[in-house]
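**Student:** Need coordinates for the following:
(one chain, ligands or ions: 1)
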Amino acid sequence: MTEPTAPLVEFITSVRSPLLVLGGSGKMGPSLAAMAKRAAALAGVELRVIALSRFSDQAARRWLEERGVETLACDLLDPAHVAALPDADDIIYMAGRKFGTTDNPALTWAMNMLPPEYVCRRFPNARVVALSTGCVYPLIPVEQGGSREEDPLTPIGEYSNACVARERVFEYLATTTGTRVCLIRLNYALDLRYGVLVDIALKVLSGAPIDLTVGYLNAIWQRDANAMIIRALSLAQSPAFPLNLTGPETLSVRAVAQRFGELFRREPIFAGTESPVALLNDSGKAHQLLGLPETSIEQVIRWTANWLEHQGRVLGKPTHYEVADGRY
Ligand SMILES: NC(=O)c1ccc[n+]([C@@H]2O[C@H](COP(=O)([O-])OP(=O)(O)OC[C@H]3O[C@@H](n4cnc5c(N)ncnc54)[C@H](OP(=O)(O)O)[C@@H]3O)[C@@H](O)[C@H]2O)c1
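**Tutor:** Below is the predicted model:
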């Protein structure tokens, strides 16, 4: 998961030290930060990588430090904390809030909207790759293939709209402060410990019904996504540059479950039928600019099946990919 790709090892020589990873202790940040560190070592360059978050998960902090990544506790909702951050020219912005939106929508809006302003004002000369999400688009007819960067951002639900707001604040600041920004509209990173494949596989294993209403999705192996996210620093610009990031194929939830069924020698149980719309994004532009992901979905399915059959650790953080009404 943290092994750098060859294009990343080449690119890392152009990254300025220190690389800040804001929101670097979540599901993606630790493996991205460790990968940046490994890429620099392989390229023979000195690169300090600093992961920042409130570190509500102390285990993530220890894991990062064991891999040579420096850590700094900060609350990005506090402008004084952002003002005190170390100077940097290159930043990966991964902070955000999704789950718990139904209970506390105000915090979701604040967390997704306010720190982008503080960060851009603090770092007007930086290149920032800011994680957004594919759910800034509405559900679209499956036969359309996927939303493109120029399509309208009219999703349903407070979380998705707060993510549109996060993008708009970055976009506004990129033109006012001059901070160069690349907005990554990511659809489902796949890890062995969480992700849509883990969600589906666990249901096949336990015999729980698999809801087919949201019957199609896109996904990308997290190692490939993280390597491309770091390389997207080269695409950061003012005005901000939005880029979809996911795998090249539309995955059928039914077909993925059936494949896990074959591997586990268990018949998946389905509920409902596929609706004609789904959350899909077309990553053609990213593949043109950064190349195709190296890892096939079939490979990730096999790894996931093997991991779960051997009681590999899972985070217990379901993606809720089956949510169609935008309520998280
Ligand atoms: N994983 C995916 O499949 C996926 C798909 C689409 C989009 N994305 C986007 O990619 C980004 C990274 O994904 P992820 O799955 O790693 O997210 P995550 O697990 O939710 O991690 C969020 C990070 O933000 C930090 N954070 C939250 N509130 C903070 C605050 N007030 N101050 C400082 N740090 C704060 C969290 O650490 P603390 O709570 O300890 O502060 C954590 O490190 C997210 O913005 C998400 O929207 C991810």
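**Student:** Who's the closest spatial neighbour of the residue in the chain positioned nearest to the ligand, skipping the chain neighbours?
**Tutor:** Across the chain, no residue is closer to the ligand than Gly26, which sits at 2.0 Å (C-beta to the nearest ligand atom). The way it works is simple: take the backbone N, C-alpha and C, and place the C-beta from them, glycine included. Of all residues not flanking Gly26 in the chain, Met94 sits nearest, at 6.4 Å (C-beta to C-beta, 6 or more residues apart in numbering).
**Student:** so who does the one you found touch?
**Tutor:** Met94 makes contact with Val21, Leu22, Gly23, Gly24, Gly26, Met28, Gly29, Leu32, Leu131, according to C-beta atoms under 8 Å, 6 or more residues apart in numbering.
**Student:** Now list the buried members of these.
**Tutor:** Neighbour-count burial (16 or more other C-beta atoms under 10 Å) is assigned, among the contacts of Met94, to Val21, Leu22, Gly23, Gly24, Gly26, Met28, Gly29, Leu32, Leu131.
**Student:** Just the closest of these to Tyr188, please.
**Tutor:** Met28 (11.2 Å; C-beta to C-beta).
**Student:** And the pLDDT at that closest one?
**Tutor:** We have a pLDDT of 97 for Met28.
**Student:** re earlier: surely the residue of the chain closest to the ligand and Ala51 touch.
**Tutor:** No. Under the criterion of C-beta atoms under 8 Å, Gly26 makes no contact with Ala51, lying 10.0 Å away.
**Student:** In the stretch 201-328 of the chain, what residue spans correspond to helices?
**Tutor:** For the stretch 201-328 of the chain, applying DSSP state H, counting those that start in this stretch gives helices covering 222-231, 253-264, 284-290, 297-309.
**Student:** what's the angle between the second one and helix 297-309?
**Tutor:** With axes from the mean of the first three to the mean of the last three C-alpha atoms, to 10 degrees as the basis, helix 253-264 and helix 297-309 are set at 50 degrees to each other.
**Student:** Show me what helix 253-264 is packed up against.
**Tutor:** When contacts are defined as 3 or more C-beta pairs under 8 Å, 6 or more residues apart in numbering; DSSP states H and E, helix 253-264 packs onto helix 196-206, strand 210-211, helix 297-309.
**Student:** how much distance is there from the second one to the middle of the chain?
**Tutor:** Computed by C-alpha atoms, centre = their mean, to the nearest Å, the chain-centroid distance of strand 210-211 equals 24 Å.
**Student:** Which residues of the stretch 101-250 of the chain lie near the ligand?
**Tutor:** Within the stretch 101-250 of the chain, the positions adjacent to the ligand are Met111, Leu131, Thr133, Leu186, Tyr188, Ala189 by C-beta under 6 Å from any ligand atom.
**Student:** out of the residues you listed, what pair is the most spread apart?
**Tutor:** For these, the farthest-apart pair by C-beta to C-beta is Met111 and Tyr188; their separation is 20.8 Å.
**Student:** Looking at those two, which is more packed in?
**Tutor:** The neighbour count for Met111 versus Tyr188, taken as other C-beta atoms under 10 Å, is higher for Tyr188 (24 against 20).
**Student:** coming back round to it: which one of the residues of the stretch 101-250 of the chain next to the ligand is nearest to Glu267?
**Tutor:** Distance to Glu267 across those (C-beta to C-beta) is lowest for Tyr188, with 25.1 Å.
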